[in-house]
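Engineer: give me a model of this one.
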Amino acid sequence: MHSSVSLFLIVLHVSAFAECIELYCDFREDELGYKCESKGVAITSRNDRTIKNIVGEHLEGKTNEDVKFFRNYKIIMNYFPLNLTTGFKNLEVVQVNFSDLKRITAADLEQFGENLKVLWLGDNIVEVIEGDLFKYTPNVESIGLSPQKIKHVDDGTFAKLTKLHSLWFSKNPCGVRTNVENDRSLVLNLITRIESECKDVTLLLKTQVDELREDYAQLRKDLNKLVVAT
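Structural biologist: Model prediction:
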């Protein structure tokens, strides 16, 4: 009973107190398609990362619906932005590099669904990749996880990605230091190695507990604000 109440309160906290932010885009065209280059939006809280509005001057003849590529480079995003596809319904490529990203979850990627083909998350501080990460994005073809701080990858993480042909995983501390490009059979071999060598279940549990603690701490702050306001 206690755990059920706890989960309810966390959901209440996330839905009722989540704040929204504006995303500032420098719109450009490159070989991967029409792109939003993120400018000036720092995300340091799990409770303050929902995109409310998109600001930026489009190239002539272009609109938000033409955007296929979102890139965040060297702007702090400790947590993955939510609600991107409300503005950019046709995103296929997502890149968050040099952004101090701490965590990435299936719930973060759910917004992209079957459209997502490329996910690059290089030069961040992610330590754990959970098994359901690609639960909602089965058409991913290319993944960049190099370099990172990855020490644990759940079994079956890549199992449903039948189109995956490129995987960058070098420069991670768990021992596997290999990149594969455009070779499905070599990708499958690399996945086997990753799932064998990148195991730290204790770290996985610690990450999950830390996340719950963050939720409770924020919930208490928000409840205290409500008490003061009333």
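Engineer: partner strands of the lengthiest strand in the chain, parallel or antiparallel?
Structural biologist: The single longest strand within the chain, with elements called by DSSP state E, is strand 20-30. Sheet pairing of strand 20-30 (DSSP bridges) gives strand 33-39 (antiparallel), strand 50-55 (parallel).
Engineer: and among the ones you listed, the most buried is which?
Structural biologist: Of the strands paired with strand 20-30, the one with the most neighbours on average (mean count of other Cβ atoms under 10 Å) is strand 33-39, at a mean of 20. Bear in mind the C-beta positions are built from the backbone N, C-alpha and C, glycine included.
Engineer: which element follows the strand or helix carrying residue 94 toward the C-terminus?
Structural biologist: Using DSSP states H and E, residue 94 sits within strand 93-97. Where DSSP H and E defines the elements, the next helix or strand beyond strand 93-97 is helix 106-109.
Engineer: in this protein, which spans are strands?
Structural biologist: 20-30, 33-39, 50-55, 69-73, 93-97, 118-120, 128-129, 142-144, 152-153, 166-168, 179-180.
Engineer: now do the buried residues in the longest one.
Structural biologist: Within strand 20-30, the residues scored as buried using 16 or more other Cβ atoms under 10 Å are 21, 23, 24, 25, 27.
Engineer: please apply the same query to stretch 105-125.
Structural biologist: Buried residues in stretch 105-125 (16+ other Cβ under 10 Å): 105, 108-109, 111-112, 115-124.
Engineer: picking that back up, quick one: the strands of the chain as TSV, columns for distance to residue 228 and mean pLDDT too.
Structural biologist: Formatted as TSV, these follow (distance: least, Cβ to Cβ, whole Å; pLDDT from 0 to 100):
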stretch	distance to residue 228	mean pLDDT
strand 20-30	22	92
strand 33-39	35	94
strand 50-55	24	93
strand 69-73	35	96
strand 93-97	36	96
strand 118-120	42	98
strand 128-129	36	94
strand 142-144	45	98
strand 152-153	41	93
strand 166-168	49	97
strand 179-180	53	96
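Engineer: understood, closing this out.
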